[in-house]
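Colleague: Quick one: sequence plus predicted model below, questions after.
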Amino acid sequence: LFSAQLAAKIVLNQSKSQQQQQKKLLPRHYFAKGNYFRLEGQRTPFSHLIYPVPEPGGLGVHATLDLNGYCRFGPDVQWIPIATNDIDGDEHMDHDPDEIDLSVNPHRADEFYEQVRRYWPGLKDGSLAPDYAGVRPKVHHPDLLRDVNDGATLGFADFVIQGPQEHGMAGVVHMIGMESPGLTS
């Protein structure tokens, strides 16, 4: 707690030019909504997590088991509109983050059936029910990683690591946009 308070006071006392310089170090952020569906009316054949081949922006629709043994599938990747810049160059969102709809659209189930049946062909029709959704911050957007001439993917990066050579602070490493399982492993 003490170090957080100290850091907050240091940031508060920085000049406008110092704040602008540090802002340049932070990558733009994008948001991906992840929807989950739960398995109902059919017993899960799984006794462990199932991770399919990753997709741009996520790990693919995987199977997870909760502590009671119930199975959920997700998350998918539903990109939220990209931030835009105003006249002064300041970034702002096209929407209020508090107004992001976190309900799960039942019509997304068709995509889930297709994804899950790649590793579990025995999934019965009508056995997926909308469960919950969340939003994950991302440091890259797949539409911005495409070649403008031919549409080819230029690569995929899901996090940024910055050391003293980028920010000038000895002994500090920034891990921006890193999410599980990378962050927890």
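Modeller: Sure, I can see it. On a predicted model such as this, the values are computed, not experimentally measured, just so you know.

Colleague: only C-alpha atoms for contact and neighbour calcs from this point on.
Modeller: Noted.

Colleague: For the nearest residue to Y51 once chain neighbours are set aside, name its beta-bridge partners.
Modeller: Leaving aside its chain neighbours, Y51 sits nearest to H62 (4.9 Å; criterion: CA to CA, 6 or more residues apart in numbering). Applying DSSP bridges to H62 gives these bridge partners: G74.

Colleague: What is the burial count for H62?
Modeller: Neighbourhood size, H62 [other CA atoms under 10 Å]: 21.

Colleague: what do you get for Y132?
Modeller: Y132, neighbours per other CA under 10 Å, totals 17.

Colleague: What of V77?
Modeller: By other CA under 10 Å, 20 other residues sit near V77.

Colleague: how about it, what does it touch?
Modeller: Contact analysis of V77 by CA atoms under 8 Å, 6 or more residues apart in numbering lists 32-35, 57-58.

Colleague: Of those, which is the most crowded?
Modeller: So for these (other CA under 10 Å), the most neighbours sit at N35, 25 neighbours.

Colleague: Tell me the bridge partners for that one.
Modeller: Bridge pairing for N35 (DSSP bridges) gives the partners A133.

Colleague: pLDDT value on it, please?
Modeller: We have a pLDDT of 96 for N35.

Colleague: Show the contacting residues for it.
Modeller: Contacts of N35 (CA under 8 Å, 6+ apart): 74-78, 104, 131-134.
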